[in-house]
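Trainee: need a structure here:
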Amino acid sequence: MKFSIIIPVYNVERYLSQCLDSVLNQSYDGDYEVICVDDGSTDGSPAILEEYAGKSDKIKIIRQENRGLGGARNTGLRAARGRYVWFVDSDDWIEQEALATLTKSIGDEDIVCFNGRRYFEDGTVEIPDSGIEEINLTGREYYGRYALSKRNFHFVCVVLRIYRREFLLADGLFFEEGIYHEDNLFTPIVCYYAASVRVIPDILYVYRIRQGSITQSFTDKRIFDTIKVANCLAEFFIPKTDIDKSVVYREIAGEYFSVFMSDKAEAYRGDYSVVEPLINWDSYKAVSLYPRHRRIYRLLSISPRLFRLYLGVEKLLKR
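Mentor: Have a look, this model is predicted:
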């Protein structure tokens with residue numbers, strides 16, 4: 001079996017059928033499985049899963065108490081039998097030619113990467129990201145080339161790649177459970193370990209942007225988890241001596257200072273004493289190599305309000 005499509009499901013009855021239709025109505029005629037992990041849904045999602053499982057033996061349902069997106073993905077990964085796994089979110093969908101296109105592109109890579117597009121429920125049409133070229137790289141080269149490139153569909157999103165299952169399992173590459181932003185933590189580390197990456201420019205994934213989703217709102221926990229991700233990435237990468245860390249350091253530094261940006265600060269009402277003790281300031285200093293990031297670190301280490309003043313001045317100078 002070549003593919004295992006892993007779909008975490010939690011209270012998405014409005015969107016689930018479209019997702020399942022897209023993975024079942026593929027032009028690909030090979031064998032594949034669709035592992036749906038019902039992560040403690042309390043709406044009509046379980047009934048929809050049962051309906052589809054009754055129509056297709058590709059659908060396999062696993063039920064568990066709520067463990068969050070990372071926990072559901074881990075459950076699916078442990079149950080998967082395919083050579084490659086694809087983590088698909090249950091409110092999104094994949095293009096009809098997706099598996100057939102991937103089949104033509106796969107050699108024996110640890111990761112195969114592709115393009116996607118975002119779908120806005122208000123009818124907004126977005127041009128997919130450009131600059132994604134067909135190329136073979138190591139994971140570290142791939143990260144260095146694409147992680148900081150300007151794009152609408154964020155680089156870290158795991159849905160834009162398929163992963164060789166044995167590669168993930170051999171290196172113990174599972175998702176951190178119980179946090180938001182698990183992709184931000186997972187992707188850089190996976191890229192560090194990947195020996196071979198294949199990039200293709202094809203648009204295979206459609207990412208739904210909907211109001212009220214967890215990616216469109218800021219809460220205390222989301223902010224605290226941003227800090228946790230930055231601390232964990234710093235702890236992982238700072239001791240490494242076998243890579244150019246300039247790109248990943250810029251990403252980690254960005255995670256740290258994003259906590260103090262106005263849109264996020266409003267979530268904890270600008271009470272910086274809530275977040276400052278959570279930050280590993282030694283790690284933050286170590287990753288602040290880029291000149292602008294050094295300035296921001298110094299300002300924040302003195303007073304977050306100085307940083308906010310700096311942002312205001314910076315904004316005025318750009319006018």
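
Trainee: please enumerate the helices of the stretch 151-300 of the chain.
Mentor: 165-170, 182-193, 220-237, 246-258, 262-265, 281-287, 291-302 (DSSP state H, counting those that start in this stretch).

Trainee: out of the ones you listed, which gets nearest to Tyr143?
Mentor: helix 182-193 (3.9 Å; Cβ to Cβ). Heads up, the C-betas are built off the backbone N, CA and C, glycines and all.

Trainee: relative to helix 220-237, how tilted is that closest one?
Mentor: 10 degrees (axes from the mean of the first three to the mean of the last three Cα atoms, to 10 degrees).

Trainee: could I get the average pLDDT for helix 182-193?
Mentor: The average pLDDT within helix 182-193 is 98.

Trainee: how far off centre is that helix?
Mentor: 9 Å (Cα atoms, centre = their mean, to the nearest Å).

Trainee: then stretch 6-14?
Mentor: 17 Å.

Trainee: so which of the helices of the stretch 151-300 of the chain is nearest Ser27?
Mentor: helix 165-170 (23.0 Å).

Trainee: helices and strands around the closest one, which ones?
Mentor: helix 68-79, strand 84-87 (3 or more Cβ pairs under 8 Å, 6 or more residues apart in numbering; DSSP states H and E).

Trainee: each with direction, which strands does whichever helix or strand comes after the shortest one pair with?
Mentor: Next in sequence after strand 84-87, counting helices and strands by DSSP states H and E, comes strand 93-94. Listed by DSSP bridges, the sheet partners of strand 93-94 and their directions read strand 197-209 (antiparallel).

Trainee: and the partner strand, average pLDDT?
Mentor: 96.

Trainee: returning to what we had before: next, format the helices and strands packed on helix 165-170 as a markdown table and append mean pLDDT, mean neighbour count and distance to Lys245.
Mentor: Converted to a markdown table, those look like this (pLDDT from 0 to 100; neighbours: other Cβ atoms under 10 Å; distance: least, Cβ to Cβ, whole Å):
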| stretch | mean pLDDT | mean neighbour count | distance to Lys245 |
| --- | --- | --- | --- |
| helix 68-79 | 98 | 21 | 25 |
| strand 84-87 | 98 | 26 | 26 |
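
Trainee: hmm, back to that, and the helices of the stretch 151-300 of the chain, which one averages the lowest pLDDT?
Mentor: Across the helices of the stretch 151-300 of the chain, helix 262-265 gives the lowest mean pLDDT, at a mean of 68.

Trainee: one step back: and Thr226, which of the helices and strands packed on helix 165-170 is closest to it?
Mentor: helix 68-79 (14.8 Å).

Trainee: and for the closest one, what are the contacting residues?
Mentor: 4, 6-10, 35, 37, 39, 60, 62, 64, 67, 85, 87, 158, 165, 168-169, 174-179, 182 (Cβ atoms under 8 Å, 6 or more residues apart in numbering).

Trainee: buried subset of those, written for PyMOL?
Mentor: With 16 or more other Cβ atoms under 10 Å as the burial test, the buried ones among those are selected in PyMOL as follows:
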select buried, resi 4+6+7+8+9+10+35+37+39+60+62+67+85+87+158+165+168+174+175+176+179+182
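
Trainee: out of the contacts of helix 68-79, which sit inside strands?
Mentor: Ser4, Ile6, Ile7, Pro8, Val9, Ile35, Val37, Lys60, Ile62, Val85, Phe87 (DSSP state E).

Trainee: so the last one sits against Val159, correct?
Mentor: I take that to be Phe87. Yes. Using Cβ atoms under 8 Å, Phe87 is in contact with Val159, at 6.0 Å.

Trainee: good, we can wrap up now.
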